[in-house]
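Participant: Quick check, what structure comes out for this input:
(one chain, ligands or ions: 1)
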Amino acid sequence: MSAPRHIPLIVLGVGNVGRAFLAQLMQTRQKLVDRYDVDLQPVALADSRSAVMNTEGLSPNAVEAVITAKKNGQSLAGQPGSLGSITAHDLVAHAAEAGLQHAIVIDTTAADGMEQALSAALNQGYGLVLANKRPLAGSWETTRHFFASTRVRFEATVGAGLPVNSTLRYLIDTGDTVYRIEGALSGTLGYLCSRLEDGEAFSSVVTTAKERGYTEPDPRDDLSGMDVARKALILGRLAGWPMELKDLRVDPLYPDEMADITVEAFMAQLPDLDTAFAAYMGSLAGVPRYMAEITPDGGVVSFKMVGERLAAELRGTRNQVSFTTQRYADMPLTLLGPGGGMDVTAAAVLQDCLYLAHSMC
Ligand SMILES: NC(=O)c1ccc[n+]([C@@H]2O[C@H](COP(=O)([O-])OP(=O)(O)OC[C@H]3O[C@@H](n4cnc5c(N)ncnc54)[C@H](OP(=O)(O)O)[C@@H]3O)[C@@H](O)[C@H]2O)c1
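Facilitator: Residues are numbered from 1 along each chain as shown. Below you'll find the model as predicted:
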């Protein structure tokens, strides 16, 4: 029997998604060796300040120790095998100097400014797997190489566990023409819409969602619509439309005056919006959902009235995306299912890694 092909993995970000991915990988790794002779082997794990690395491969115990340390809120700086203070860019350079080949760099951070490290990895011949939307949502000029490369995958960035990006790739790669993409792309905003529909006050819905961890620590990261806009932009660019964020009209769920105050002040001022929100919801003839609609000419990310049937399908945190194309003109090709959850998000990252492992060498 031949030795399995080792694919070194460099994981940037060991938060919720990074840890779920590593746990899933460690459970699945041997099955992938048995089935495909491919061994996805973590060699470096990084947080915002440091990294642990072993170019020969981190042992399962070392990976488990990192998962536990990060779950307990510790920095990787004090862990065995730590490289001390190191940036993601320097970590990639370090891996290259150490002669690491056919590696896959996985961005499971939520950080801005990862483009330099990711581009360096791509130039090094490495593959990239992204759960982080931000590197794909900068200017078209600085991101187009990510969309053009067959070594870059980012299934988890849109629809979490729904195969949204791979379906769109399939349509484009087989010569279909996409006319329009529409979707409910935020589990968090789906949850908020469902509760508002039930008659709950806006401030109460947001406060509960924040307390339960459904929103980001600053709920404006969700309520601004920017997270949905980034997903819409990724879909548009993947469809072949060289769009910019400014081509999308994005309607936030709070007034401009509340954009730059502290989180505490924002939460305290939320009840001021309740009356206006209740009046707005009462004035609507239909059921509102927070939707993205994009065409080659741009798009809108906003509340939209949807029919009772779709509204029922979109209760809670579900996501839905429909593609209207030349081939799917009368009835759009539609995906519907859970919009979040660590297991399905981790699986999307793992599937991307396996795809690259098969295709890169
Ligand atoms: N939650 C979902 O269901 C879901 C679904 C799809 C996609 N995503 C995306 O997945 C990504 C990760 O989400 P999450 O919930 O896991 O975030 P998180 O818990 O905040 O974890 C982020 C991790 O990234 C690390 N980090 C930050 N800046 C870094 C840098 N410059 N270099 C290396 N590591 C860095 C952080 O380090 P420290 O520990 O030192 O702060 C932390 O370990 C996000 O982009 C999110 O949008 C999430």
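
Participant: if I pick the residue in the chain that the ligand sits nearest to, what's in contact with it?
Facilitator: Using Cβ to the nearest ligand atom, the single residue of the chain nearest to the ligand is residue 15, 1.7 Å away. Placement of C-beta: from N, CA and C, glycine included. Shown in contact with residue 15 (Cβ atoms under 8 Å, 6 or more residues apart in numbering): 70, 108, 109, 110.

Participant: Now, those residues that are in helices?
Facilitator: Among the contacts of residue 15, the members falling in helices (DSSP state H) are residue 70.

Participant: for the residue positioned nearest the centre of the chain, phi and psi?
Facilitator: Centre of the chain computed as the mean C-alpha position; nearest residue by Cα atoms, centre = their mean is residue 157, 2.7 Å away. Phi and psi for residue 157, reported as degrees, to the nearest 10, are phi -70, psi -30.

Participant: Also residue 133?
Facilitator: Here residue 133 shows phi and psi, under degrees, to the nearest 10, equal to phi -80, psi -30.

Participant: One more: the one 4 residues further on?
Facilitator: Dihedral pair for residue 137: phi -110, psi 10, per degrees, to the nearest 10.

Participant: what does residue 11 give?
Facilitator: Reported as degrees, to the nearest 10, the phi and psi values for residue 11 are phi -100, psi 120.

Participant: ok, it touching residue 41?
Facilitator: No. With contact defined as Cβ atoms under 8 Å, residue 11 does not count as touching residue 41 (11.3 Å).

Participant: Any chance you could list what contacts stretch 158-176?
Facilitator: Against stretch 158-176 from outside (Cβ under 8 Å, 6+ apart): 133, 153-155, 157, 178, 181, 183, 185, 187, 231, 234-235, 238-240, 319, 321, 323, 325-328, 333, 335-341, 343-345, 347-348.

Participant: er, stretch 205-222 I mean
Facilitator: Residues outside stretch 205-222 that contact it (Cβ under 8 Å, 6+ apart): 186-189, 191-192, 195-196, 223, 227, 252, 254, 258-259, 263, 266-267, 270, 317.

Participant: Now the lengthiest helix in the chain - C-alpha only, PDB.
Facilitator: The longest helix of the chain (DSSP H) is helix 16-36. Extracted in PDB, the C-alpha atoms of helix 16-36 (Å, rounded to 0.1, in the frame of the first residue of the first chain):
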ATOM      1  CA  ASN A  16     -16.100  29.100  16.800                       C
ATOM      2  CA  VAL A  17     -15.800  28.100  13.200                       C
ATOM      3  CA  GLY A  18     -12.000  27.200  13.300                       C
ATOM      4  CA  ARG A  19     -12.500  25.000  16.300                       C
ATOM      5  CA  ALA A  20     -15.600  23.300  14.900                       C
ATOM      6  CA  PHE A  21     -13.600  22.600  11.700                       C
ATOM      7  CA  LEU A  22     -10.600  21.200  13.500                       C
ATOM      8  CA  ALA A  23     -12.900  18.900  15.600                       C
ATOM      9  CA  GLN A  24     -14.700  17.700  12.500                       C
ATOM     10  CA  LEU A  25     -11.400  17.200  10.700                       C
ATOM     11  CA  MET A  26      -9.900  15.100  13.500                       C
ATOM     12  CA  GLN A  27     -13.000  12.900  13.500                       C
ATOM     13  CA  THR A  28     -13.000  12.500   9.700                       C
ATOM     14  CA  ARG A  29      -9.300  12.500   8.800                       C
ATOM     15  CA  GLN A  30      -8.700   8.700   8.900                       C
ATOM     16  CA  LYS A  31     -11.800   8.100   6.800                       C
ATOM     17  CA  LEU A  32     -10.400  10.400   4.100                       C
ATOM     18  CA  VAL A  33      -7.100   8.600   4.200                       C
ATOM     19  CA  ASP A  34      -8.900   5.200   3.900                       C
ATOM     20  CA  ARG A  35     -11.200   6.500   1.100                       C
ATOM     21  CA  TYR A  36      -8.900   8.700  -0.900                       C
END
